[in-house]
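K.L.:
Give the three-dimensional model of this entry:
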Amino acid sequence: MEVDRSSSKSAVVKWERQVPESILLLEALLRRLHLDEADYFGEKLGLEKSGFYGEQRLDREWLDFQIQGHYFLLNGLKFENETGFTH
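P.N.:
Got it, this is the predicted structure:
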């Protein structure tokens, strides 16, 4: 993670999202499986990669998004309602 202080008004925290462990594990598993047995895990890997690429795209969108004034982006913040469900 690095902090870009080139703007005099605010500091921008930049980070590079790491490849999830689930993707690395599924890739390793697929290298070891016979082709006939790889369908299920290949589909799981495709879904995991799609989600990861979507998160990377969202990261790029946030960098292009300009908000006037001071603000905080709270990554991973979850709220729970009265019944115990998160949104």
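K.L.:
neighbouring contacts of stretch 53-61?
P.N.:
Contacts to stretch 53-61, defined as CB atoms under 8 Å, 6 or more residues apart in numbering, come from residues Arg17. For glycine as for every other residue, the C-beta is placed from the backbone atoms N, C-alpha and C.
K.L.:
Quick one: distance of that stretch to the chain centre.
P.N.:
Distance of stretch 53-61 from the chain centroid (CA atoms, centre = their mean, to the nearest Å) equals 7 Å.
K.L.:
now swap in stretch 21-32 and tell me
P.N.:
Mean-position distance between stretch 21-32 and its chain equals 18 Å (CA atoms, centre = their mean).
K.L.:
Alpha carbons of that stretch, as PDB, please.
P.N.:
Listed next in PDB are the C-alpha coordinates belonging to stretch 21-32 (Å, rounded to 0.1, in the frame of the first residue of the first chain):
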ATOM      1  CA  GLU A  21      -5.900 -17.800  -2.100                       C
ATOM      2  CA  SER A  22      -8.900 -19.600  -3.400                       C
ATOM      3  CA  ILE A  23      -7.800 -18.900  -7.000                       C
ATOM      4  CA  LEU A  24      -4.300 -20.100  -6.400                       C
ATOM      5  CA  LEU A  25      -5.600 -23.300  -4.700                       C
ATOM      6  CA  LEU A  26      -8.000 -24.100  -7.500                       C
ATOM      7  CA  GLU A  27      -5.300 -23.500 -10.100                       C
ATOM      8  CA  ALA A  28      -2.900 -25.800  -8.300                       C
ATOM      9  CA  LEU A  29      -5.700 -28.400  -8.000                       C
ATOM     10  CA  LEU A  30      -6.500 -28.300 -11.700                       C
ATOM     11  CA  ARG A  31      -2.900 -28.900 -12.600                       C
ATOM     12  CA  ARG A  32      -3.000 -32.100 -10.600                       C
END
